[in-house]
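>>> model the following, please.
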Amino acid sequence: MNFNTSSLYLTSIQRIMVDQVKMEEIVAAIRAGEKTGIDDGIDLWTFNAAPAHEKEMLGRQYLSLAENVSQQYLYRRTDDAVSAETRLYLIEENKISLHNYSLRELINKKEIIKVAAAMREGQLKEYQSWLDQYAGCPGCLYWITLELSLAVYDERAPMEWDAISQQLFKQLAEGGDARACHELANHYYFNTSEKDEVIKWRQRAIAEGESEDLKELADFIIDEYPEKIVIALDTLHSMQENGLHMAWAWWKEGHVYTQGIGTVKPDPAKGFALIQKASELGLTVAKGDLAYHYHKGIGVPKDLHKALELLEEANEASRTFNNQQFYSPDEEGEGPVEEGDYEEQIEMIRKELDQ
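Numbering: from 1, shown residues only. Just a heads-up that it's a prediction; the model follows:
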């Protein structure tokens, strides 16, 4: 579907990609080890000659290539040569995501932010012109497509545009954009429930660098597609081995064995041991689940005193967690947000102990 470009678009918000000559100059400077700065509209990234850090994630090696004033680092895979298409990965310290994008996208990011803002402000019909304009930068096309899909979602654009945005995501995903793979998986989950497509694109997103999709994949299979439980267990083990949402992964695996899911037969003792690992790593909801195991004698001898002790600890930890979330909305907790109300369970056990 194409639209005529408006005069307002032509006169006030038309932007151009960084030209190829400028691109080559920047790439040459980075290759030569010259100190080079790139302002992406959000951060100023300084590219340095010598790598400051080396990391291993999911069996791959990464070298730092640039840093910002917050001491966040952009990495490249050690086997990737530096070019305009070199993939860059923002690997957060003690966090999860490997958001990948190209050097070309980084250099053009300031302008694509303005395009995305214009689309949010209502200039949606010009999307085809922007797609044409940024055709040489697949990462830039992702942001245009994302804005188009969001406009459909909140009814700023006609529903028939949904098929357009999903086709664009698919083209980008097939080209290796991990974020587009993630969006496709979400689409199949929320709109068509094509379970195998969800798994396909989650796995492709992971392979392309979006490690956050490990959690999404395991959660989806355990809750929605138990026939594929082997894939979920492999995913949880990968998370545990790589320290990615590790406490959550132990907790989730514990539930698989406690309940028995798919071809996995119930093994309450093993489930208890796994949930205990998650609790020891500080996952409050796991501590609450341990209390339930002691309360009911599931996989461990029944012990009301121990159940009460654990619930009181969980209740206090959860209350503290929620207070931190209220006053520090940017702070992230490990695992799901605990709702923090164990008072009813505590009172119930106290009554049992008094009888």
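>>> now the helices for the stretch 51-200 of the chain?
Here the stretch 51-200 of the chain has its helices, by DSSP state H, counting those that start in this stretch, at 103-120, 127-133, 138-153, 161-174, 178-187, 195-208.
>>> please identify the deepest-packed of those helices.
Of all the helices of the stretch 51-200 of the chain, helix 178-187 carries the top mean neighbour count, a mean of 24, counting by mean count of other Cβ atoms under 10 Å. C-beta coordinates here come from the backbone N, C-alpha and C atoms, glycine included.
>>> shaky segments in the chain?
1-17, 49-51, 93-100, 320-340 (pLDDT under 70).
>>> change it to 50
Within the chain, the ranges that satisfy pLDDT under 50 run 1-15, 322-339.
>>> next, the residue nearest the centre of the chain: phi, psi?
By Cα atoms, centre = their mean, the chain has its centre lying nearest to residue 212, at 3.6 Å. Backbone torsions for residue 212, taken as degrees, to the nearest 10, come to phi -60, psi -20.
>>> before we move on, the earlier item: can you list the helices of the stretch 51-200 of the chain in TSV and add distance to residue 294?
Formatted as TSV, the helices of the stretch 51-200 of the chain follow (distance: least, Cβ to Cβ, whole Å):
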stretch	distance to residue 294
helix 103-120	51
helix 127-133	57
helix 138-153	44
helix 161-174	46
helix 178-187	38
helix 195-208	35
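>>> which stretch among those comes nearest residue 254?
The closest of the helices of the stretch 51-200 of the chain to residue 254 is helix 195-208. By Cβ to Cβ, the value is 21.9 Å.
>>> quick one, the closest one and helix 178-187 angle?
For helix 195-208 against helix 178-187, the angle by axes from the mean of the first three to the mean of the last three Cα atoms, to 10 degrees is 160 degrees.
>>> now do helix 195-208: distance to the chain's middle.
13 Å (Cα atoms, centre = their mean, to the nearest Å).
>>> before we move on, what about stretch 163-183?
Distance of stretch 163-183 from its chain centroid, counting by Cα atoms, centre = their mean, is 16 Å.
>>> what does that stretch contact?
Contact with stretch 163-183 is made by 1, 98-101, 131, 138-139, 141-142, 145-146, 148-149, 152, 184, 187, 201-202, 204-205, 208-210, 212-213, 216, as judged by Cβ atoms under 8 Å, 6 or more residues apart in numbering.
>>> again, but for stretch 250-265
The contact list for stretch 250-265 (Cβ under 8 Å, 6+ apart) reads 218-219, 222, 226-230, 232-233, 236-237, 240, 266-268, 270-278, 281, 283, 285-286, 289, 293, 298-299, 335.
>>> just the CA atoms of that stretch, as PDB, please.
Provided in PDB are the C-alpha atoms of stretch 250-265 (Å, rounded to 0.1, in the frame of the first residue of the first chain):
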ATOM      1  CA  TRP A 250      15.400 -22.700  38.700                       C
ATOM      2  CA  TRP A 251      12.000 -21.800  40.000                       C
ATOM      3  CA  LYS A 252      10.300 -22.500  36.700                       C
ATOM      4  CA  GLU A 253      12.000 -25.800  36.300                       C
ATOM      5  CA  GLY A 254      11.000 -26.700  39.900                       C
ATOM      6  CA  HIS A 255       7.300 -26.200  38.900                       C
ATOM      7  CA  VAL A 256       7.700 -28.500  35.900                       C
ATOM      8  CA  TYR A 257       8.800 -31.300  38.200                       C
ATOM      9  CA  THR A 258       6.500 -30.500  41.000                       C
ATOM     10  CA  GLN A 259       3.400 -30.600  38.800                       C
ATOM     11  CA  GLY A 260       4.500 -32.900  36.000                       C
ATOM     12  CA  ILE A 261       4.200 -31.200  32.600                       C
ATOM     13  CA  GLY A 262       4.000 -32.900  29.200                       C
ATOM     14  CA  THR A 263       6.200 -36.000  29.200                       C
ATOM     15  CA  VAL A 264       7.800 -35.000  32.500                       C
ATOM     16  CA  LYS A 265       6.400 -37.100  35.400                       C
END
